[in-house]
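A.B. asks: sequence and predicted structure below; questions after.
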Amino acid sequence: MKKLFTIIGLCCSLILCSCQSTTPTSSTNVSANPVVTASNATATATPAATTPQATATPNTSSSQTIASYYPFNSNKKYTYEGSGNEYAAYTVYTDYTTATRVQFRVNNGGTEVAKVMEISNGELKVLINKAECYYRENFTTTKVATGEVLLKEPLVKGTTWTLSDGTKRYISNVAVSVTTPAGVFNAIEVTTEYADSTTLDYYAQNVGLVKSVFKSGDTEISSTLSKIESNVKLTQTIKFYYPNINDDKIYYVSKQFSFKTNDTTRTILETAYKTVPTGLGVGKVLSTNTKIKSLYLNSSGILYVDFSKELVSEMNAGSGYESMILQSITNTLGGYYGVEKVYITVEGNSYSSGHIYMKTGETFKVNLSGTVSGD
């Protein structure tokens, strides 16, 4: 059973974020619920669920590149239907892209996973597979010594490579007809042979991964592309905490955000924090000129946030109110990242003001005790 779920996770990592129609001159919208083929799709409201049309049998040769089977497009959402396991169905959104890397957000209903993939030297690799990642952080710049090769050039039948554990993976066919709710595709078939199971992954040109199948004895689990949506933003709800000096309580309000591919999380959070909710008697946390200069989670599970000098110079608060402001910041950012410790610095130095002095490396702790809902 452990191996079974390992393979499910592997199948999820073979996700492509491209969404260009295989017929560039025509795209078709499909509804979210019915099973739709390329021949009977109908239009729906934005965001569009585009159904790529079937193409002629690809003339796969050594001249074709992985990029044509794995294009990096922004603001796309793939939906896969599953069979054989409750977690075989999932959605994929593109968080970040660079010239050679892409970061996906994969949601199978049980968890969200951040996956970083790279195309280099004629190979497609998965570099990072970070589970329980409910926050947005750009991992595409993370240095990774190695990775698992998912696809390898030349894109011809018989191209074979061996994984670090000795597992054999190879291109077993280059013109397989794959029927999905999103259309019928001619695809490259990649086979992975484990000791007691096999996976088959199908890539269509200009589309990406259209189907994955795991087989072990009588067990078969599949994930099949059902729709692709364009111009989609990632929606998240975040709790923001604000101090009320009148009753010495901290209130929180839930704000909904829509992130586009490559949006900078800290900039959006900074802007949102400068809007103070009305009717609660709460005050500002960040002044107009305060900037969040950096924001990241380290490997020890400590959130680092560096502010511009205006956090202190424009705060204009007594010691009690200042403590409430810092606790509000800690609760907000720590809550979003799902951590307990937040290291607050100003211009790269440990937090220091006329009232509060923190030692180098000393963190603030998330404390939700006594906080009041303002929603």
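C.D. replies: Noted; the coordinates are in hand. Numbering: from 1, shown residues only.

A.B. asks: report the buried residues of the longest strand along the chain.
C.D. replies: Longest strand in the chain, counting residues (DSSP state E): strand 168-180. By neighbour count with 16 or more other CB atoms under 10 Å, strand 168-180 contains the buried residues 169-172, 174, 176, 178, 180. The way it works is simple: take the backbone N, C-alpha and C, and place the C-beta from them, glycine included.

A.B. asks: same check on stretch 258-273?
C.D. replies: Of the residues in stretch 258-273, 259, 261, 263, 265-266, 268-270, 273 count as buried by neighbour count, 16+ other CB under 10 Å.

A.B. asks: what does it rub up against?
C.D. replies: Contact partners of stretch 258-273, identified using CB atoms under 8 Å, 6 or more residues apart in numbering, comprise 74-76, 94-97, 135-137, 233-236, 238, 240, 255, 257, 285-286, 290-292, 294-295, 305, 332-333, 336.

A.B. asks: for the closest residue in space to S319 that isn't next to it in sequence, give its distance to T330.
C.D. replies: Among residues not flanking S319 along the chain, H355 sits closest, at 3.8 Å (CB to CB, 6 or more residues apart in numbering). Using CB to CB, to the nearest Å, H355 is found at 16 Å from T330.

A.B. asks: again, but for K274
C.D. replies: 18 Å.

A.B. asks: more neighbours: those two, which one.
C.D. replies: Taking other CB atoms under 10 Å, K274 and T330 do not tie; T330 has more neighbours (24 against 13).

A.B. asks: so that one sits against I344, correct?
C.D. replies: Yes: between T330 and I344 there is a contact under CB atoms under 8 Å: 7.3 Å.

A.B. asks: which neighbours do the two have in common?
C.D. replies: Residues touching both T330 and I344 (CB under 8 Å, 6+ apart): F364.

A.B. asks: specify the local secondary structure of A187.
C.D. replies: In three-state terms, and counting by DSSP: H, G, I helix; E, B strand; the rest coil, A187 is strand.

A.B. asks: excluding covalently adjacent residues, which one is nearest to it?
C.D. replies: Y202 is the one closest to A187 (CB to CB, 6+ apart), at 4.0 Å.

A.B. asks: okay, the one you found: pLDDT?
C.D. replies: What the model reports for Y202 is a pLDDT of 97.

A.B. asks: next, work out how far apart A204 and Y69 are.
C.D. replies: For A204 relative to Y69 (CB to CB), the value is 7 Å.

A.B. asks: T363 too?
C.D. replies: For T363, the distance to Y69 (CB to CB) stands at 45 Å.

A.B. asks: between these two, who's got more neighbours?
C.D. replies: Between T363 and Y69, Y69 has the larger neighbour count (other CB under 10 Å), namely 24 against 20.

A.B. asks: bridging residues for the residue sitting nearest the centre point of the chain?
C.D. replies: Against the mean C-alpha coordinate of the chain, by CA atoms, centre = their mean, the closest residue is R105 at 2.2 Å. When bridges are called by DSSP bridges, R105 pairs up with Y93, A114.

A.B. asks: tell me how many other residues crowd I356.
C.D. replies: 14.
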